[in-house]
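> Quick one, fold the following:
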Amino acid sequence: MKSAISENLVAHLWQRSRVAQFVADSGKNVQVIHPGRLSHDIGGDFQDAVLLIDGQRIHGNIEVHVTNKQWYNHKHHCDSRYNNVVLHVVYWQDNPVPTRLQNGIVIPTISLSLPAGQCLDIPVERPESRLQVSPPCPHIARQSTEQLTGLLTAAGKQRFAGKVDFFLRALKRGKPGQVLFEGLAKALGYSQNSEAFRRLTNKLTLDAIGQLQPYKEKRQQALILGTAGLLPSQRAKLKQKPLVNVEVEELEQNWRTLGLANIMSETDWCFFRVRPDNFPTRRLIALSCLISKLKSWNRTGAPSAWPTS
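Residues are numbered from 1 along each chain as shown. From the prediction side, this is the model:
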């Protein structure tokens, strides 16, 4: 039976469990108010869970495994992106070591397995065992189509107004070109890498890119990728492999001539559960191409807030 349990099934059990109270490995009482929303991002399988741990209300993420040993096998204890996890949910506890975050905090672990001698009578491939994004909201279900349309329209206008306000405040603090640069970078990062793109635009401003001499598109790409820490020579799985691509070798040579030290790390970026077309490496190249295109518009006299190089 143990081999038939999958992580997906454990996640289903957590999401659909009718048991509201557990005793953690530390002896603390864990009461589930809300199990969280299913997440496809790194940093927890469920987000925004609400728990009462020994009576204290806790908000955070939930990470799910078949056994608690997998927390360490998957190196989550070395990854700061899991520091928002507040509860480790497993089916079996096969390791006496408590769950420790990268920041040193120990979090509770609970087991969903039944008492010894009992087994869970749920086949792995049952259709109802598949995860759903979230249970339907009873309030939403009672709304008419017109009411739902009104709610979505209002929410969309509020979101748009918030973005307008953000850019207006940003324009009071910085140059229009830099504000545009930061906005484009954040949009290219999507939800998984928007924060990493923001950090990149703090380290590598548009003025710094504009001062690149002599200017070449590959040199600009090398500057952006190298500052992001995502050139092959900077990535753990790629730096030992021989370069076979002429364009990649050109990027590496251009980066070496720049001699910069204030750079990011590969671990700052998320590739986990990200479509290949949305990998940060591709998005950074896209950002470089947008900069080059806007520069060419300036040279032809087109009106733009983008500074010329």
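
> show me what contacts Glu182?
Ala170, Arg198, Thr201 (CB atoms under 8 Å, 6 or more residues apart in numbering). C-beta coordinates here come from the backbone N, C-alpha and C atoms, glycine included.

> again, 6 Å this time
Shown in contact with Glu182 (CB atoms under 6 Å, 6 or more residues apart in numbering): Thr201.

> same question, Asn29
Applying CB under 6 Å, 6+ apart, the residues near Asn29 are Asp54.

> just checking, what packs against whatever helix or strand Arg57 lives in?
Assigned by DSSP states H and E, Arg57 belongs to strand 56-67. When contacts are defined as 3 or more CB pairs under 6 Å, 6 or more residues apart in numbering; DSSP states H and E, strand 56-67 packs onto helix 7-16, strand 46-53, strand 85-92.

> Against which helices or strands is the longest one packed?
Applying 3+ CB pairs under 6 Å, 6+ apart, we find helix 7-16 packed against strand 56-67.

> what about the strand it packs on, average pLDDT?
For strand 56-67, mean pLDDT rounds to 95.

> Next: stretch 230-242.
84.

> now do stretch 285-301
77.

> what's the distance between the helix or strand containing Arg159 and the middle of its chain?
Taking DSSP H and E as the definition, one finds Arg159 inside helix 145-173. Centroid separation between helix 145-173 and its chain, computed with CA atoms, centre = their mean, to the nearest Å, is 23 Å.

> Please apply the same query to stretch 82-92.
On CA atoms, centre = their mean, the centre of stretch 82-92 falls 17 Å from the chain's centre.

> And the contacts of that stretch?
5, 10, 14, 43-44, 58, 60-68, 76, 99, 101-103, 107-113.

> per-residue confidence for Met1?
On the pLDDT scale, Met1 gets 47.

> let me redo that: His76
pLDDT, His76: 94.

> same thing with Asn278?
92.

> State the distance from it to Glu252.
24 Å (CB to CB, to the nearest Å).

> When the two are compared, which one has more neighbours?
Glu252 (18 against 15; other CB atoms under 10 Å).

> rewinding a little: of the contacts of stretch 82-92, buried ones?
5, 10, 14, 43-44, 58, 60-68, 76, 99, 101, 107-113 (16 or more other CB atoms under 10 Å).

> List the contacts of Ser288.
Counting by CB under 6 Å, 6+ apart, Ser288 touches Gln220, Gln221, Ile224.

> out of those residues, who's nearest Pro242?
Gln221 (20.9 Å; CB to CB).

> Not counting its neighbours along the chain, what's nearest the closest one?
Among residues not flanking Gln221 along the chain, Ser288 sits closest, at 4.7 Å (CB to CB, 6 or more residues apart in numbering).

> what's around Ser144, how many residues?
Ser144, neighbours per other CB under 10 Å, totals 8.

> The protein: helices as residue ranges?
7-16, 70-73, 138-141, 145-173, 176-203, 206-210, 217-228, 246-258, 280-299 (DSSP state H).

> looking at those, which one has the lowest mean pLDDT?
helix 138-141 (a mean of 64).

> wait, what's in contact with the residue nearest the centre of the chain?
The residue lying closest to the centre of the chain (CA atoms, centre = their mean) is Gln192, at 3.3 Å. If you count contacts by CB under 6 Å, 6+ apart, Gln192 has them with Asp41, Cys270, Val274.

> Let's have these in a markdown table, adding pLDDT, neighbour count and distance to Val23.
Listed next are the contacts of Gln192 as a markdown table, based on pLDDT from 0 to 100; neighbours: other CB atoms under 10 Å; distance: CB to CB, whole Å:
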| residue | pLDDT | neighbour count | distance to Val23 |
| --- | --- | --- | --- |
| Asp41 | 79 | 15 | 29 |
| Cys270 | 88 | 21 | 34 |
| Val274 | 86 | 19 | 37 |
